[in-house]
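> Give me the fold of what follows.
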Amino acid sequence: MFNGTVSRAALLAGTTLSLALPLAGAQAQEATTVLDEIVVSAGEEKIAIDTPQAVTVVTQEQIEASQAATLGEILDAIPGVTTINADNPLGQSLNMRGIGGALSSDENRMIMQVDGVRSFFEAYRSGSFFFEPEMFKQVEVLRGPASSTLYGSGALAGTVSARTKDASDFLEGDDTVAVRAKTTWDSNGNGSRNSIIAAMKPVEDIEFVANFNYGRYGNYDAAKGEELGNSLFTDLSGLAKLKYTFGTDRDQSLTASYFNINKSGNGLYDQITYEPMFGYADQEISEQQGRLTYENAFAGNDLLDLTAQLAYSETKRELDDITYRNPWDGQPAFGLEAEYVYKTWQGKLQNTSQIEFSDSALAFLTFGVQGHYRERLNPRLNPDGSTSHGASSHPEGESRMIGAYGQAEVILFDRLTLIPGLRVDYSRLSPGEGVSLRDDVSDTAFSPKLAAIYELTPWLNVFGSVSHTERMPVIDEAFTGGGFTDLGKEKSNNFEAGFGFKFDNVLQDDDGVRLKVTGFHNDVENYLYTTFDHMAGGAITTAIEDVRLQGVEVEAGYASPTWYGSFGAALTRGDNLSDDTYLESVAADNAFISVGYRFEDYNLDVSWRSNFYARQDRVNSADSETGGYALHGASLSWLPEEGWMAGAEVRASVTNIFDKAYTPHLSGTEGKGRSFKLSVAKTF
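I've put the predicted structure just below:
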């Protein structure tokens, strides 16, 4: 736990005030906190504090308030979640509850999805997430493997589920057209980001939204003006979504959407750990997704509520003018040009039934099937003009998966909720060019769980869960080294327990206090990890027989019509039980606190936020230790309702006010120095 000293209690990495205003604006007026946000999932509609799992919901208002340039800046202040290289749009990775690192396929241990479509990109030492925050209206973070039932086996760390904006988010009343323009300036790197959104509803049953974003940033500075040469980039992205509602009761809808994200710049080949030995390259990173979703609520029929979805996605990292050369022969180690590509077709069919057994017993039953076909390519242009396919750390191949799942949510006497679930996934891997093995490999994963939450009193609930999930090796792990390694499945047994408090009218009328505490214990057998072996000449994947992860996460919030605030903290311990050493993928103990005040007569919010990271000395080498530090920031938002500025949104913030020098644990890149941000938005 925190020991009270600055070196142990003064903690956090690169804060950008990610959630500095989570309770501002309309939320403060309604006296709701982050734990009152609605969780979007199967079964009965519920809020975060009333779920038997650690869930954090980041709303559109919070995303706007954060002034974030990357998804990592939004997620980095959620207890139990750490973004590796949060400030770099050319490559970020996530760590959740001690799982996640730059050098391994940890994106398989957590699931990232957008509008129900899984996003996946894994490239050794490169980062995996490149999203544009302006596209999102909500992001849910479900920590722990209990989310495997609905989202996919192998989610040992958890799930991040994002939803893009809809036309209805901007149209009010009888409006048929709305246009929103926004611009943001950042002093650190002299960057600017611009966005325009057009929403239309030409007839009652059709709505359309289009979003276009453009940004340009120079290299940002660490503390004391030291320029970091790994952040120069240009960002171009867009989203289009068309929804048609039909049926006698207007209970059916068909939604077609497409987005494309493109980021380009010159940076280190190694995006995560800041290793100059890997050299620089001109880079272009793109992600596109096309989706078609059919929904039918079957009005009047509680047994049917159907969703069918088909999607295609492609994530690509293209490198040109690569400067790194092998020291022993002077030849390009990665080729003159290289591409890292994932192409995925995926589909899902899901139905939820509502069954009322009696006045005191209600059940929601969710069943579904889900599958994907994924191709991984890694063509490399050689000096002689030939093309090679893959490398020891980036083998080519194909992946096929088909899964079936079921979950029941049984509510008894409006106080006890039981949630059993089971998922079974079958996976088959096929080697690509450059892999010596020519046979397919396959396996099956099982993921059962049981969760419960009980309302002891109107102000106190207790909850707990037990879950087992299995993760099958992916292309990177199975074919690393140019052959096949029979690594076996990872198996996780996770236990969680906690409680939630909720009080209203505490210090004044219309205020509220919320508190949720979650403890977890996760034993993982056959834990796979990837390292660089100089003797072997590349990356290799091996297994740790037994790993233990355990910790505590705390979330709290206070809101009134004027004052608001939030608190969060996470403490995680990870141990390699096979040889009695530490698991070095565990983030430092961290905490944050924010407080704000709303001047109702002026529609003005001001807030202060302090973020802390403890010294991380639970490592196996002194070189891996990082010191503790604290970062502070302030922000202001003005949302006028009258005059010529009515409907506008003006936000300003300063992060790392004291220009503190720091390097986040798990990252090799120094964090941003002091930065001033200003954004102006208006809906017409």
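> all strands in the stretch 101-250 of the chain, in order from the N-terminus.
With DSSP state E, counting those that start in this stretch applied, the stretch 101-250 of the chain shows strands at 110-114, 117-119, 136-143, 158-164, 177-186, 191-203, 206-217, 232-246, listed in chain order.
> Please apply the same query to the stretch 351-500 of the chain.
Listed in chain order (using DSSP E, counting those that start in this stretch), the strands of the stretch 351-500 of the chain are 361-377, 379-381, 387-389, 397-412, 416-431, 441-457, 460-471, 490-504.
> which parts of the fifth one are buried?
If you call a residue buried by 16 or more other C-beta atoms under 10 Å, then strand 416-431 has these buried ones: 417-419, 421-427, 429-431. Every C-beta, even on glycine, is put in place using the N, C-alpha and C of the backbone.
> since we're on the closest residue to residue 626 other than its chain neighbours, how many residues are nearby?
With C-beta to C-beta, 6 or more residues apart in numbering as the measure, residue 665 is the residue that lies nearest to residue 626, at 4.3 Å, once sequence neighbours are left out. Residue 665 is flanked by 26 other residues according to other C-beta atoms under 10 Å.
> so residue 665 touches residue 615, yeah?
No. Here residue 665 lies out of contact with residue 615, judged by C-beta atoms under 8 Å, at a distance of 9.1 Å.
> Give me the common contacts of those two.
Shared between the contact lists of residue 665 and residue 615 (criterion: C-beta atoms under 8 Å, 6 or more residues apart in numbering) are residues 588, 626.
> Confirm that residue 64 sits in a helix.
Yes. The assignment for residue 64 (DSSP: H, G, I helix; E, B strand; the rest coil) places it in a helix.
> quick one: it and residue 651 touch, right?
Yes. In terms of C-beta under 8 Å, residue 64 counts as a neighbour of residue 651; the distance is 7.3 Å.
> what sits against residue 309?
When contacts are counted by C-beta under 8 Å, 6+ apart, residue 309 is found next to 116-117, 291-294, 347-349.
> As a markdown table, these with distance to residue 260, secondary structure and pLDDT would be great.
Below are the contacts of residue 309 laid out as a markdown table (distance: C-beta to C-beta, whole Å; DSSP: H, G, I helix; E, B strand; the rest coil; pLDDT from 0 to 100):
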| residue | distance to residue 260 | secondary structure | pLDDT |
| --- | --- | --- | --- |
| 116 | 18 | coil | 91 |
| 117 | 14 | strand | 92 |
| 291 | 13 | strand | 97 |
| 292 | 16 | strand | 98 |
| 293 | 18 | strand | 97 |
| 294 | 23 | strand | 98 |
| 347 | 21 | strand | 97 |
| 348 | 22 | strand | 96 |
| 349 | 26 | strand | 97 |
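> Which member of those is positioned nearest residue 149?
Set against residue 149, the nearest of these by C-beta to C-beta is residue 348 (13.6 Å).
> Tell me who's in contact with the closest one.
By C-beta under 8 Å, 6+ apart, residue 348 lies in contact with 116, 307-309, 368-371.
> If we use 6 Å, what do you get?
When the contact criterion is C-beta atoms under 6 Å, 6 or more residues apart in numbering, the partners of residue 348 are 309, 370.
> could you measure the spatially closest residue to residue 322 that is not a sequence neighbour against residue 494, distance?
Nearest in space to residue 322, with sequence neighbours left out and distances taken as C-beta to C-beta, 6+ apart, is residue 281 at 4.4 Å. Counting by C-beta to C-beta, to the nearest Å, the gap between residue 281 and residue 494 amounts to 39 Å.
> now swap in residue 418 and tell me
Relative to residue 494, residue 418 is positioned 18 Å away (criterion: C-beta to C-beta).
> Count residues in the vicinity of the nearest residue to residue 589 once chain neighbours are set aside, would you?
Nearest-residue entry for residue 589: residue 614, 4.0 Å, with adjacent residues in sequence omitted and distances by C-beta to C-beta, 6+ apart. Residue 614 sits with 27 neighbouring residues when counted by other C-beta under 10 Å.
> If you average pLDDT per helix and strand, which one of the chain comes out bottom?
helix 6-9 (a mean of 33; mean pLDDT, DSSP states H and E).
> Now do the SS call for residue 642.
The three-state assignment at residue 642 reads coil, by three-state DSSP.
> ok, what's across the strand from the most centrally placed residue in the chain?
With distances taken as C-alpha atoms, centre = their mean, the residue of the chain nearest its centroid is residue 160 (4.2 Å). Under DSSP bridges, the beta-bridge partners of residue 160 are residue 112, residue 141.
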